[in-house]
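**Student:** Any chance you could fold what I've pasted below:
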Amino acid sequence: MIDVEIKHNSLLDFFESAGYTPEIVNGKKKFKVFSSVQNELNSLCMGVGLRDISQSGIIELRGKDVLDFLHRITTNSLKDLQKEKLAGTIFTSEKGRIIDTATIFNFEDHQLLIYSEANREKVLSWINKYVITDDVHINSSSESYILLEMTGQQSDSFLTLVCGNSINEIMRTSLGLYAQKD
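**Tutor:** Model prediction:
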């Protein structure tokens, strides 16, 4: 038997303390069903669905050359990405093979790159390979964030209920809900 380290986060701990039972999948706790499939489908169609996507890899990038650098080593035009906007992009090898897909969030003074945790080493290695004289500083930040994806007809109302006037400080996207750390 192989011992696998199980990472904890406050959201998972909350659901467990509320009596929900997680399953261990690839060394990670996951809640697959909270009530019934029909109830959860109704929530998605008429209410709010929430998915924890914290298992994604996150890199925090800082420096004046970050967007230009990513523009050069990925497939999407990122050099003119506006503050508080996001863009999807793809990392490809020299032969055009896909290394991973990613989403970049521009917070002006830093950028967050969200990618597949399964390709963590490939993406970090690829980025480090090309940072030579660019003003780009890389920090793997997967442990610093909880990423949530929210969907459903009532998601705006739910966010207002939970966050109140703070809703303007939270970026909502079709990819999920990402809150900048303090």
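**Student:** remind me, longest strand of this protein?
**Tutor:** Using DSSP state E to define each element, the chain has its longest strand at strand 98-106.
**Student:** what angle separates the very next helix or strand once past that strand from strand 98-106?
**Tutor:** Per DSSP states H and E, strand 98-106 leads on to strand 111-115 as the next helix or strand towards the C-terminus. Angle of strand 111-115 versus strand 98-106, following axes from the mean of the first three to the mean of the last three Cα atoms, to 10 degrees, is 150 degrees.
**Student:** Next, report how far strand 111-115 is displaced from the centre of its chain.
**Tutor:** Taking Cα atoms, centre = their mean, to the nearest Å, the mean C-alpha location of strand 111-115 is offset from the chain mean by 7 Å.
**Student:** Show me what the longest strand of the chain is packed up against.
**Tutor:** Contacts defined by 3 or more Cβ pairs under 8 Å, 6 or more residues apart in numbering; DSSP states H and E place strand 98-106 against helix 66-73, strand 86-92, strand 111-115, helix 120-130. Bear in mind the C-beta positions are built from the backbone N, C-alpha and C, glycine included.
**Student:** Now the third one: average pLDDT?
**Tutor:** Strand 111-115 shows an average pLDDT of 92 in the prediction.
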